[in-house]
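A.B. asks: Build me a model from this:
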Amino acid sequence: MEKPSINELFAVLLARDFHADDRTIMVGANMPMARAAAVMANVTTHPDARISIGLGVQGLGDGGDPPAVHPFLFDPRTMAAEALMFQGRVFDDMHSPDVFFVGGLQVDQRGNLNLFGIPDGEGGWKMRGPGSIALATMSAYCAGYYIVMPSHSTRTFVERVALISALGDATERARLKLPGGGIRMLLSPLGVFDFNDAGDMRLRSMHEGVTLEEVQEATGFELDVPDRVPVTPGPTDEEMQLLRERVDVYGTLA
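C.D. replies: Numbering: from 1, shown residues only. Below you'll find the predicted structure:
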């Protein structure tokens with residue numbers, strides 16, 4: 001079978017990591033790999049999961065035509081249902097889901113995320129991000145969340161983020177008595193990461209073909225690296241068949 005893309009790998013790794021008691025899964029906008037993971041779990045290990053999906057738009061073009069939208073985000077199967085859900089329950093799920101997914105322009109050694117932008121030091125912005133809508137609430141209240149970083153470099157993995165959109169620092173979360181479970185796992189194109197008992201980022205595994213030197217050179221701070229770093233277990237043929245033939249039927253993640 002054709003080698004999985006990085007987003008297909010992300011989807012499989014996320015779907016594998018859900019906890020047995022995860023029942024409400026909230027997927028934000030423009031995270032098709034997270035939606036794929038939620039659907040994969042829903043048709044296998046978590047048939048009673050409730051999944052809330054945010055919409056996403058890509059490819060705005062020159063403004064002359066309507067913006068292109070991933071067909072995966074407007075899958076016609078989402079227009080019908082097999083059960084009735086009361087509106088109040090939907091908002092309860094959105095307020096404090098079991099699972100949430102986040103990304104950022106920057107992530108730091110303590111797991112804090114910046115989705116606001118990069119200040120220019122003169123009261124303006126060198127780069128402006130989409131903002132922090134829902135991130136502060138979701139990351140504070142959800143039972144556990146996953147960070148998915150599409151880029152891994154010293155510009156995105158920094159010692160300290162410029163601004164905090166989602167507080168990941170375990171020490172600060174405990175001081176503020178945030179009710180949620182915090183970060184479960186961080187994924188990047190180079191590897192899988194979590195956080196040690198002191199709250200610092202730790203390398204859990206490296207993707208196939210990636211070296212430790214590559215990971216260290218692309219990270220703007222000192223990682224906690226175990227004596228032996230395993231290779232990330234890739235998707236099985238069965239997982240890839242499920243993903244490509246039943247979940248990502250339009251090939252959005254390819």
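A.B. asks: in this protein, which spans are strands?
C.D. replies: Applying DSSP state E to the chain gives strands spanning 24-27, 50-53, 99-102, 106-108, 113-114, 117-119, 125-128, 144-148, 157-158, 183-187, 191-195, 201-206.
A.B. asks: Neighbouring strands of the second one in the sheet, and parallel or not?
C.D. replies: Strands flanking strand 50-53 in the sheet, each with its direction: strand 24-27 (parallel) (DSSP bridges).
A.B. asks: Arg246 is nearest to which of the strands of the chain?
C.D. replies: Arg246 lies closest to strand 50-53 among those, at 15.0 Å (C-beta to C-beta). From N, CA and C alone the C-beta is placed, and that goes for glycine too.
A.B. asks: May I have the closest one as CSV, with CA atoms only?
C.D. replies: The C-alpha trace of strand 50-53 is given here as CSV (Å, rounded to 0.1, in the frame of the first residue of the first chain):
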residue,chain,number,x,y,z
ARG,A,50,-20.5,12.3,20.0
ILE,A,51,-18.5,14.4,17.5
SER,A,52,-18.8,18.1,17.0
ILE,A,53,-17.1,19.5,13.9
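A.B. asks: Mind checking the pLDDT average for it?
C.D. replies: For strand 50-53, mean pLDDT rounds to 81.
A.B. asks: Quickly list what Val148 is bridged to.
C.D. replies: Going by DSSP bridges, Val148 forms beta bridges with Leu187.
A.B. asks: make that Ile51, sorry
C.D. replies: According to DSSP bridges, beta-bridge pairing links Ile51 with Ile25.
A.B. asks: State the distance from it to Ala20.
C.D. replies: Ile51 is 17 Å from Ala20, where distance means C-beta to C-beta, to the nearest Å.
A.B. asks: Who has more neighbours out of these two?
C.D. replies: Ile51 (19 against 7; other C-beta atoms under 10 Å).
A.B. asks: Would you state the helices of the stretch 101-250 of the chain in chain order?
C.D. replies: Per DSSP state H, counting those that start in this stretch, the stretch 101-250 of the chain carries helices over the ranges 135-141, 170-176, 212-217, 237-242.
A.B. asks: out of those, which comes closest to Leu115?
C.D. replies: helix 135-141 (6.3 Å).
A.B. asks: Let me see the residues that make contact with stretch 7-20.
C.D. replies: 4, 25, 32-34, 36-38, 40-41, 44-46, 98-99, 101, 143-144, 146, 148, 184-185, 187, 192, 207, 232, 234-235, 239-240, 243-244, 247-248, 253-254 (C-beta atoms under 8 Å, 6 or more residues apart in numbering).
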